[in-house]
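> for reference, the sequence and a predicted model appear below.
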Amino acid sequence: MSLAVHVAQPTSADMGTVEMLRAAGVGAGDEVIVSAYGNAEVAEAVVEAGAMPVFADIDPDTYCLSLEAVAAGVTSRTAAVVAVHRFGRHAEVAGLRELGERHGLLVLERHEDEQHSQDQGGLERRRAHAAYLSGRLSGVITPAGGAGHTYEQYVVRVPGNGRPDRDAFARAVRAKGVDCRVPVKTPVHRMPRFWRDVALPETERAADETLALPVDASMSRRELQRVVSACNALGGLLQPAF
């Protein structure tokens, strides 16, 4: 029987997830499926609990764990799955719960951006700002949207030949006075502490292409126009300098 537990935004050590895993008896000899697209706190929590993190690929639209990838990663040692809701999109929790029921897995949910939650008015303004940007941006791939998207971060893609294209685009946008940031610089499975020789193509593609543009509820129309102008003035993708 699976257990679906909502985990509040953890400390930097993600002790909430550690405690949930330990309380469920997850520990030495167990595997816990997690995403490599994000910060390392969840993988650290699995190690702290005494288990082994196993990385599964993400859905390219939601940036959350892919249900198909999780299902493919389940083994006789799998004890739990930790799904992180990312950028305001929710992981496919219903499917993960069904998978957990079939395999007897603990299913934990973690809200990455709970600290940014706002009242309904702020949420609607943020959604309106996201719609404004999505209707006017060119040269980037805008978010897929979807029911319930709260746009905690407005994440676009700058596709091309890899990281230099996205990074050059980001530098050019910042030079025009628009704050932007790379949400995930290095996938967890490529960090020295958690290095795994595993193919996670959607995770690595997202790490190379994604860029978070400002979409705060407090932004003015003029500020939104500045974001659009800065991005569209680049005339498409920038090529890396050699």
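Happy to help now that I have it. Residues are numbered from 1 along each chain as shown.

> count the neighbours of residue 98 for me.
Counted with other Cβ atoms under 10 Å, the neighbours of residue 98 add up to 15. (Each C-beta comes from the backbone N, C-alpha and C, glycine too.)

> tell me which helix or strand it sits in.
helix 93-103 (DSSP states H and E).

> what comes up buried for the helix or strand where residue 126 lies?
Using DSSP H and E, residue 126 falls within helix 120-136. Within helix 120-136, the residues scored as buried using 16 or more other Cβ atoms under 10 Å are 123, 125-127, 129-130, 132-133.

> do the same with stretch 187-196
Neighbour-count burial for stretch 187-196, with 16+ other Cβ under 10 Å as criterion, is recorded at 187-190, 194.

> pretty sure residue 100 sits against residue 94.
No - using Cβ atoms under 8 Å as the test, residue 100 is too far from residue 94 to be in contact (10.6 Å).

> the helix holding residue 98 - contacts with which helices or strands?
Judged by 3 or more Cβ pairs under 8 Å, 6 or more residues apart in numbering; DSSP states H and E, helix 93-103 is in contact with strand 3-7, helix 67-73, strand 78-85, strand 106-111.

> the domain parsing of the protein - what is it?
3-115, 118-232 (automatic domain parsing).

> most packed of these?
Most buried of the domains of the chain, by mean neighbour count (mean count of other Cβ atoms under 10 Å): domain 3-115, with a mean of 19.

> state the pLDDT value of residue 14.
We note a pLDDT of 76 for residue 14 in this prediction.

> hmm, I was thinking of residue 35
97.

> can you pull the contacts of it?
42, 55-56, 58, 64-65, 82-84, 188, 203 (Cβ atoms under 8 Å, 6 or more residues apart in numbering).

> can you list the residues you listed in TSV and add distance to residue 30, secondary structure and pLDDT?
Converted to TSV, the contacts of residue 35 look like this (distance: Cβ to Cβ, whole Å; DSSP: H, G, I helix; E, B strand; the rest coil; pLDDT from 0 to 100):
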residue	distance to residue 30	secondary structure	pLDDT
42	15	helix	94
55	15	strand	98
56	16	strand	98
58	22	strand	98
64	22	coil	97
65	18	strand	98
82	12	strand	97
83	17	strand	96
84	19	strand	95
188	18	helix	97
203	22	helix	97
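
> let me know the closest of those residues to residue 108.
Nearest to residue 108 among the contacts of residue 35: residue 82, at 4.7 Å, using Cβ to Cβ.

> tell me the spacing between the closest one and residue 132.
Relative to residue 132, residue 82 is positioned 34 Å away (Cβ to Cβ, to the nearest Å).

> my guess is residue 30 contacts residue 81, does it?
No - the pair residue 30 / residue 81 is not scored as a contact, 11.7 Å apart, by Cβ under 8 Å.

> re earlier: which one of the buried residues of stretch 187-196 is nearest residue 112?
Residue 112 has its nearest neighbour among those in residue 188, at 13.6 Å by Cβ to Cβ.

> isn't that closest one up against residue 41?
No - judged on Cβ under 8 Å, residue 188 makes no contact with residue 41 at a distance of 9.5 Å.

> out of the helices and strands in this protein, which is least certain?
strand 3-7 (a mean of 44; mean pLDDT, DSSP states H and E).

> now the element after that strand, going C-ward?
Following strand 3-7 in sequence, per DSSP H and E, is helix 15-23.

> which helices and strands does that next one pack with?
strand 3-7, helix 41-48, strand 106-111.

> now do the SS call for residue 155.
strand (DSSP: H, G, I helix; E, B strand; the rest coil).

> check contacts around it.
Applying Cβ under 8 Å, 6+ apart, the residues contacting residue 155 are 63, 87, 143, 183, 210-213.

> next one: residue 194
Counted by Cβ under 8 Å, 6+ apart, residue 194 has contacts 36, 40, 43, 53, 55, 188.

> no more questions from me, cheers.
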